[in-house]
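# Could you look at this predicted model? Sequence included:
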Amino acid sequence: MNENLFIPTHVGIIVDGNGRWAQERGLSRSKGHKAGFYRLKEVCIYAKELGIKYLSLYVFSTENFKREKKEVDYLMNLFVKLYEEEFQELMDNGIKVIFSGRREPLPKKVLDAMDKITEESKNNSEAVVNFCLNYGGQTEMLDMTKKIVQQVIDGNLSVDDITLDVLQDNLYQKIPPLDYVIRTSGELRLSNFMLYQASYAEFYFPKTYFPDFTKNDFYDAIVEFNRRNRRFGGNAS
Ligand code: FPP
């Protein structure tokens, strides 16, 4: 590993290409999700080893509920399996797991697994993995707006005191903005992922399908990040 690499604080990954990975092998979409599931755990641990403090993973959007029931049910069972079979390894690595998204209409078994994961990992401090599950960026902003309006109505906040800090504080999670967004599979879209948090992020779109996204690919992505010249709206250095 190159010791001189600058490691971004917060990396987001838009998990994409599980279906095409499976299709190219003549397998069912479920098999693609299963392969993605195991890759996901490897990615979480590798991110921690690289020194990435926050990793946000877009694993299920609010729009994904429009998929066939069979596929949605399979994914819901994978989220439960995360707790039952893979979570311990994240615990052993000192990873704190949090979730972003709406709870409605997730099934109770998924909510229970999410609650247990959140509770049991809350004191871990090596790194934070934020699963964006039943997540939508526009919905997050809508929910943020409602929370702020309610504070104003309740008399706890005046309109003049609404600052960018107040907006940030009312997002789903109090975590730093995204430095880097990786979307696997070659699609060039943000697809409603962390719209507010991605304001100044760099973007990277490897063609690799997520089940094939190895540690080496992740490392290459960080090398590419180191080539970027981030200016945050200022002058070129
Ligand atoms: C996108 O690929 C992937 C998803 C919608 C699901 C991602 C989920 C996992 C990797 C497993 C989740 C597990 C846990 C525990 C968080 P796609 O199906 O849209 O692929 P395609 O664009 O090739 O069809």
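Okay, I see it.
# Please name the nearest non-neighbouring residue to Gln168.
Nearest residue to Gln168, sequence neighbours excluded (C-beta to C-beta, 6 or more residues apart in numbering): Lys174, at 7.3 Å. (C-beta placed from N, C-alpha, C; glycine too.)
# Could you list the buried residues of the longest helix belonging to the chain?
When the chain is parsed with DSSP state H, its longest helix is helix 29-50. By neighbour count with 16 or more other C-beta atoms under 10 Å, helix 29-50 contains the buried residues 29-37, 39-41, 43-48, 50.
# Just say helix, strand or coil for Phe99.
Look at Phe99: counting by DSSP: H, G, I helix; E, B strand; the rest coil, its state is strand.
# tell me the contacts of the closest residue to the ligand within the chain?
The nearest approach of the chain to the ligand comes at Gly19, 2.4 Å away (C-beta to the nearest ligand atom). Gly19 makes contact with Arg29, Gly32 under the criterion C-beta atoms under 8 Å, 6 or more residues apart in numbering.
# So in terms of bridging, what pairs with the spatially most central residue of the chain?
By C-alpha atoms, centre = their mean, the chain has its centre lying nearest to Leu57, at 2.1 Å. Here Leu57 sits in beta bridges with Ile13, Phe131, going by DSSP bridges.
# Please tell me how far the residue lying farthest from the centre of the chain sits from Glu104.
Checked against the mean C-alpha position of the chain, the extreme residue using C-alpha atoms, centre = their mean is Gly155, at a distance of 34.0 Å. To Glu104, Gly155 is 28 Å away according to C-beta to C-beta, to the nearest Å.
# Pretty sure Gly136 sits against Thr62.
Yes - assessed by C-beta atoms under 8 Å, Gly136 is found in contact with Thr62 at 3.9 Å.
# And the two? Which one has more around it.
Gly136 (22 against 19; other C-beta atoms under 10 Å).
# Do you know the pLDDT at the more buried one?
pLDDT for Gly136: 98.
# excluding its backbone neighbours, what's nearest Ile175?
Nearest one to Ile175, counting by C-beta to C-beta, 6+ apart, is Tyr54 at 5.3 Å.
# What about that neighbour, how many residues nearby?
The local packing of Tyr54 (other C-beta under 10 Å) involves 23 other residues.
# Good, we can wrap up now.
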